[in-house]
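Colleague: Okay, here's the prediction I keep looking at, along with the sequence it came from:
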Amino acid sequence: MLLRFPRWFMGVVILEFIFATLFGFLFYTYQEKKTVNHIGQNVAKAAHLKGKQLYIWRENQINDLKVITESPFFQETALKLIDNPKSAVASKTKTCFESYQRLRKYKDIFLLDENGKVKFSIGEGRTLNALEIKGAKEALITENLILIETCDENNEPVFTILSPLSRKGIFGVRLKAAQALSPILEGEPKISKTGRFDLFSRLGNQPICLNNSTYSLKVLNAALQEKGEWFRTEDREGRRIMAARVEIPQTPWFLIVSVQEDELLADWYRDAKLMISIVVLLLFSAMAVTAIIWQRNEKRHFRMHYEDLSARFAAEERYRVTLRSIGEGVIVTNRDGNINLMNETAQTLTGWKEEEAIGKAIHHVFRIVNEKTLEEVENPVERVFREGKVVGLANHTALISRSGNIIPIADSGAPILSAEGDLIGAVLVFRDQAEERQLRRALHESELWFRTTFYSIGDGVITTDTEGKMRQMNPVAEQLTGWGEEEAYGRPITDVFHIVNEYSRLPVENPVTRVLREGTVVGLANHTLLISRDGSEYPVADAGSPIRDEEGNILGTVLIFRDQTKEREVEEKLRRNEALLRLIFHTNPDATSLNRMDDGVFVDINENFTTWTGYKREEVIGKTTLDLNLWVRPEDFRRFARLIMEQGFCDNFEAEFKNKDGSTTWGILSARTISINGVPHVLVVTRNIGDLKKLDMEKRNLEERLHRMEKMESLGLLAGGVAHDLNNILGILVGYSELLLFEIKDNERLKDYVGNILKAGERAAAIVQDLLTMARRGLVVQEVMNLNHLIREQLNTPEITRIWESSPHTELKMDLYPELLNMVGSPVHIGKSLTNLVMNALEAMPWGGTITIKTANCYLDRPIHGYDSIAKGEYVLLSVSDTGKGISQEDLKHIFEPFYTKKVMGRSGSGLGLAVVWGTVKDHGGYIDVESTPEKGTTFYLYFPATREALMSDKDENNNDLSHIMGQGELILVVDDVKGQRELAREMLERLNYRVVTVASGEEAIEYMRENDVDLILLDMIMDPGIDGYETFSRILNLGKKPKTIIVSGYAETERVRMARELGVGGFVRKPYILRRIGEAIRQELTRDRDE
């Protein structure tokens, strides 16, 4: 047997590797230190060499200047220039100095007098700093040339060299330090690519860099602190450098040379890496050789050991796999009855996992009881250990699993013997009998089910053997054949099941005979009669089938037949019902169709379908509604189809359909899904509701019209109430303005002011009258008039004239019928309506257009648009057209509503214009219609009842003479609930020479009349709170007095006014108060005979 290497051998190898590594590290450290020291000395040598160059350069600069200034000619010329900078010599000297400056690259050249004052200079600098002044004094005293390091006005280092001129002046030059030193510091010898030279001067407390302002402060501090020739530090970027500091003899200068270590040590690092790589490679090679030898030895050792164990494991694994693969539960125990192994089946049945059960006693895991009594029974393993042989227990044993389930099992046990024959364990084998018992029970139940089914089938069933002899028959077969099962057993099937053709009465082949011959399922033709044992005849439908075993061999046959007597009756009823339904389908007064559900194709239609749609039957069958384009709106079809697909029916589905001739009509659909020969269809009944739709539309139009009228009435009442209150206020404004005109006679300026107030009040009163007219509460003056005359007069009014002047691009056309009939109405209100229509037309044409005004005679005998009925007769037609942008259909529904406007309220309209027109036409018993096309224009048609009466001559209302209405001191009682109205009436009546008494209510008037008499009462009709004018007059009459009375009101003559006039009230005057109008009414009433 091959021996393994001892463990100490590997320890020796590891120690050798550690010692070799330590030696290599120490050697590397020594070599690195030696190399760095050598390179540092080279850097110091380079610094000394560059320091000598700088010293020589400094001495050269001083000596060159000294040579020039010691020249007698130069001194003489310079001193003359100091004495007289503006002399003729100055220009030539300046040119010479400029050439010298360019040659020597001096920054400045200057001359100082003995006091240090600059007398002449060339270059950038014109003044000296403190150090330069101090140096100049020292040079004059010592008569020696001096070089000073200082900074110019830009804080850049400069060299100033001062040379005395026989103590009478100083010649000085300035050099930029960086510019002057650059050729030396950047020239040969160069130390390396990253090497740099920085020259510093000890100027004050902080050294300054003479050649570069970007030096590293870290390097400077390290240089000032280090005492050796060279040192190592970091620059300001954190890079390692090697540097050296050299003092420049006889100067305050010192030079710092710095080089990056990465560059200096690059060769050393490359060689060191190569050396380390070789050493590491050798070490690893040695280790690899050792490991290979070690591994080979270990492999040989383990291979032999593995082969030995593999043989043993293979044998054990075969037995283990065999045990685990057995379909029955297997448990292996040791000699003490503790479990060593369980296969998957045993784990499943006991409910224990193998890793949990190993080591536990067998009776703890495998608990068995008597299946019926549930009493514990002896464990097979215990019996095996006791008897030492294979044992099998009795049936009716149940295993109680870990979860408590009771499982019926069959079990057995066997001993495990050693090679010496000793008992070392036991094997327990058991299986679940639940499935076996269930199969036996299922077989029994299947036989019972088959027998029950066989004898319960509603059809006749007979089984035969392979020779066609009867074996079994059910009660239905017994009833139809007339044979009992026992007496028919073993007879040929032809004796028991005797069949003939229903029409020919000839025998037909028995299905059993054919099944045995062909070995297939057969079904004979219809029209077969079964002749029973007693001679009864039954129409039957029969079929036969072979009975085969698992190999396919025929074991017998089964014959099934049923009585078709009732089926024949049902079929006959179905035929009659089908004919009836077809008759109903085709005579249905509604359009009826039958469509396949999957593709919507028409299968059948009735006559009314063709009558309604106009399509012939052959044009419809085989097509769909989409093919015929029957749906006006495809979305209706999609909605209808979705309802049918989702719920299988549809009721009262309204849709619009297109007929063959292109006309449309409305229909209401009801549909149901039905199955015909297993294919789903849809039965659709469509009723024509076109007439109902028209009636419904008319109903909605009437309701909408009624709603619009009610709204107009409501808004009219609201506007009338507001107008009444405004009328009272405007009455005061207009009345007092009129009185002021009489008071102011000579002041034309004030008369103009008051006249403007009066006109504004009258315009406001006109708006109030518009409100009252719209509310149908304004007083309408009825007179015979000609519409043509009114149009001409209205178009010449100042208001219309101003409108035309502001619309130069608008053209007016008039087509007035010359033989136009007269009409009865209010010129003011109709003129206002015409003005409103013209202004609306202008608003619709902001960029210009044409307005056409036409009149005509017409006779109406049928309703016009928007009216259900009209009064037949002659009418005067006024039409106003424009070519503007038109009115939308939605706005046409609202244009006659008060305050409805598309204009800016308060700027171009009040929203009352068309409402006034509508109210005026209605008050005159006329009709109005409007037609509008977007972007083309609008036309309003106004129909007024015509009259055959002649025109009356106009009264002269421009007479300013009031003498005919002046009073004679009569006493008048004014009754009005508004204080301003009472005071206005008093002012007007007193101006007309009447005595006036005023009271604020009807109750006060009654109290006054109890004790006093008056010539006339001016009585307001509406007073709030309190009684109105009618009640006041009635109570005054009850006092036994009958004073002459005039009713005043802002409204038209209401029913209460008419009732008051019937009691004896005389005239009626409409507010606001106008002096002439109220005066004429009072004069007329006072002169009227009481009996009139």
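Modeller: Right, received. Where do you want to start?
Colleague: ok, longest helix in this protein?
Modeller: Counting residues, the longest helix found in the chain (DSSP state H) is helix 7-69.
Colleague: tell me the mean pLDDT for the next helix or strand after it?
Modeller: The helix or strand immediately downstream of helix 7-69 is helix 72-83, counting by DSSP states H and E. Averaging pLDDT along helix 72-83 gives 80.
Colleague: how big is the angle separating the longest helix of the chain from helix 72-83?
Modeller: Interaxial angle, helix 7-69 versus helix 72-83 (axes from the mean of the first three to the mean of the last three Cα atoms, to 10 degrees): 80 degrees.
Colleague: Using CSV, list the CA coordinates for the helix or strand where R1058 lies.
Modeller: For R1058, the element it lies in under DSSP H and E is helix 1055-1063. Output of helix 1055-1063 as CSV, limited to C-alpha atoms (Å, rounded to 0.1, in the frame of the first residue of the first chain):
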residue,chain,number,x,y,z
GLU,A,1055,-109.4,95.6,-15.6
ARG,A,1056,-109.4,97.7,-12.4
VAL,A,1057,-109.1,100.9,-14.4
ARG,A,1058,-112.1,99.9,-16.6
MET,A,1059,-114.1,99.1,-13.4
ALA,A,1060,-113.3,102.6,-12.0
ARG,A,1061,-114.4,104.2,-15.3
GLU,A,1062,-117.7,102.3,-15.1
LEU,A,1063,-118.2,103.9,-11.6
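Colleague: helix/strand/coil for the residue positioned nearest the centre of the chain?
Modeller: Central residue of the chain (Cα atoms, centre = their mean): E635, 26.0 Å from the mean position. Three-state assignment for E635 (DSSP: H, G, I helix; E, B strand; the rest coil): helix.
Colleague: Against W666, how distant is it?
Modeller: Noted for E635: a distance of 16 Å to W666, by Cβ to Cβ, to the nearest Å. Glycine gets a C-beta too; all of them are placed from N, C-alpha and C.
Colleague: again with V390
Modeller: Here the distance between V390 and W666 works out to 96 Å (Cβ to Cβ).
Colleague: For these two, indicate the residue with more neighbours.
Modeller: For V390 versus W666, neighbours defined as other Cβ atoms under 10 Å are more numerous around W666 (18 against 15).
Colleague: Excluding chain neighbours, what is closest to that one?
Modeller: K693 (4.4 Å; Cβ to Cβ, 6 or more residues apart in numbering).
Colleague: wait, the one you found sits on G667?
Modeller: No - under the criterion of Cβ atoms under 8 Å, K693 is not in contact with G667, lying 9.6 Å apart.
Colleague: And those two? Which one has more around it.
Modeller: G667 (21 against 16).
Colleague: May I ask which helix or strand encompasses that one?
Modeller: G667 belongs to strand 664-676, assigned by DSSP H and E.
Colleague: Sheet partners, orientation included, of that strand?
Modeller: strand 649-658 (antiparallel), strand 679-688 (antiparallel) (DSSP bridges).
Colleague: Pull it out as PDB, backbone CA atoms only.
Modeller: C-alpha atoms of strand 664-676 as PDB (Å, rounded to 0.1, in the frame of the first residue of the first chain):
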ATOM      1  CA  THR A 664     -86.300  57.300 -43.900                       C
ATOM      2  CA  THR A 665     -88.700  56.300 -41.200                       C
ATOM      3  CA  TRP A 666     -88.600  55.300 -37.500                       C
ATOM      4  CA  GLY A 667     -89.300  51.800 -36.300                       C
ATOM      5  CA  ILE A 668     -89.400  50.100 -32.900                       C
ATOM      6  CA  LEU A 669     -87.900  46.700 -32.700                       C
ATOM      7  CA  SER A 670     -88.500  43.600 -30.500                       C
ATOM      8  CA  ALA A 671     -86.300  40.600 -31.000                       C
ATOM      9  CA  ARG A 672     -85.700  37.100 -29.600                       C
ATOM     10  CA  THR A 673     -83.100  34.500 -30.200                       C
ATOM     11  CA  ILE A 674     -84.400  31.100 -31.300                       C
ATOM     12  CA  SER A 675     -82.800  27.800 -32.300                       C
ATOM     13  CA  ILE A 676     -83.700  26.200 -35.600                       C
END
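Colleague: Next, the buried residues of it.
Modeller: T665, W666, G667, I668, L669, A671 (16 or more other Cβ atoms under 10 Å).
Colleague: Next: stretch 76-84.
Modeller: Residues T77, A78, L79, L81, I82 are the ones in stretch 76-84 that count as buried (16+ other Cβ under 10 Å).
Colleague: can I assume the first one is in contact with F97?
Modeller: No - if you go by Cβ under 8 Å, T77 and F97 don't touch, sitting 10.1 Å apart.
Colleague: the strands in the stretch 751-900 of the chain, which residues?
Modeller: 783-785, 810-815, 822-825, 849-860, 873-882 (DSSP state E, counting those that start in this stretch).
Colleague: Tell me which of these lies nearest to T350.
Modeller: strand 873-882 (105.0 Å; Cβ to Cβ).
Colleague: for that closest one, packing partners?
Modeller: helix 787-795, helix 827-843, strand 849-860, strand 937-947 (3 or more Cβ pairs under 8 Å, 6 or more residues apart in numbering; DSSP states H and E).
Colleague: need the contact list for the nearest residue to A841 once chain neighbours are set aside.
Modeller: Distance criterion Cβ to Cβ, 6+ apart; nearest residue to A841, sequence neighbours excluded, is D882 at 3.7 Å. D882 makes contact with A841, L842, A844, M845, G849, T850, I851, T852, G937, T938, T939, according to Cβ atoms under 8 Å, 6 or more residues apart in numbering.
Colleague: cool, E743 as well?
Modeller: Here E743 is in contact with no residue (Cβ under 8 Å, 6+ apart).
Colleague: So W294: helix, strand or coil?
Modeller: Secondary structure for W294, judged by three-state DSSP, is helix.
Colleague: what about it, distance to M287?
Modeller: For W294, the distance to M287 (Cβ to Cβ) stands at 10 Å.
Colleague: shared neighbours of those two, which are they?
Modeller: Among the neighbours of W294, none is also in contact with M287 (Cβ under 8 Å, 6+ apart).
Colleague: Please enumerate the helices of the stretch 151-300 of the chain.
Modeller: Per DSSP state H, counting those that start in this stretch, the stretch 151-300 of the chain carries helices over the ranges 177-185, 217-225, 261-264, 266-325.
Colleague: ok, now the stretch 401-550 of the chain?
Modeller: Counting by DSSP H, counting those that start in this stretch, residue ranges of the helices within the stretch 401-550 of the chain are 434-456, 475-481, 485-488, 493-496, 511-518.
Colleague: Which positions in the last one come out as buried?
Modeller: Using 16+ other Cβ under 10 Å as the burial criterion, the residues of helix 511-518 that qualify are P511, V512, T513, R514, V515, L516.
Colleague: what's the nearest residue to L111 if we skip its chain neighbours?
Modeller: Nearest residue to L111, sequence neighbours excluded (Cβ to Cβ, 6+ apart): F120, at 4.2 Å.
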